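Novice: Build me a model:
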Amino acid sequence: MRKVAAAQNVSRMCFVCGLENPGGLSARFFETDDGSLIGEFSPCEHHQGYPGRLHGGVATTILDETMGRAISISDPSAWGVTVDLAVRFRRPVPLDSPVRAVARITADRGRIFEGEGEIVLADGTVAVSATGRYLRQDITKIAQGDFDQEWFSDPRDLPDAIDI
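Specialist: Here you go, the predicted model:
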């Protein structure tokens, strides 16, 4: 069980965290008391690869987003763009329960930071693990348009703790 310290912002249309994206994950991100970040979403049938199993690309997506966001725990103004990503699939991820990824920053070298993360099943088994390198960028170099209209506090209730 990890105590939740804060929820990170979400967006309007992002595939991962967009609350108004009907084809997206509507994921949430929680900073924990141990300095890690948990990404969580409830998979739907349209997120499947094989019947009853989460598609590997969707598993990779939630891990990439969770690792890339983990830098903002220590540097709230930081944004990262994925440089490279390595993923290892160990077990299938079922569609019948929330998907939880936990990530942490393993190195911060200024412009480049690195992270690692895992999707952990309800029984504690690591189903998917990943490592990634990210380029720290200013949001004005990443996004177009009025980003302030797209990025806001998560309006959903904050849990006290998450079992992972």
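Novice: Report the secondary structure state of the most centrally placed residue in the chain.
Specialist: In the chain, the C-alpha nearest the mean C-alpha coordinate belongs to Thr66, at 2.6 Å (Cα atoms, centre = their mean). The three-state label given to Thr66 by DSSP: H, G, I helix; E, B strand; the rest coil is helix.
Novice: quick one: average pLDDT of stretch 135-153?
Specialist: Taken as a whole, stretch 135-153 has a mean pLDDT of 87.
Novice: Give me the buried stretch members for the lowest-mean-pLDDT helix or strand in the chain, please.
Specialist: Lowest on mean pLDDT, DSSP states H and E among the helices and strands of the chain sits helix 147-150, with a mean of 83. By neighbour count on 16 or more other Cβ atoms under 10 Å, the buried set for helix 147-150 is Glu150. Where you see a C-beta, it was placed from the backbone N, CA and C, and this is true even at glycine.
Novice: cool, and stretch 79-99?
Specialist: For stretch 79-99, by 16+ other Cβ under 10 Å, it's Trp79, Gly80, Leu85, Val87, Pro92, Val93, Leu95, Val99.
Novice: Check stretch 3-16 too.
Specialist: Ala7, Gln8, Val10, Ser11, Cys14, Val16.
Novice: Endpoint to endpoint, it covers what distance?
Specialist: End-to-end span of stretch 3-16 (Cα to Cα, to the nearest Å): 23 Å.
Novice: mean confidence for that stretch?
Specialist: Rounded mean pLDDT across stretch 3-16 is 97.
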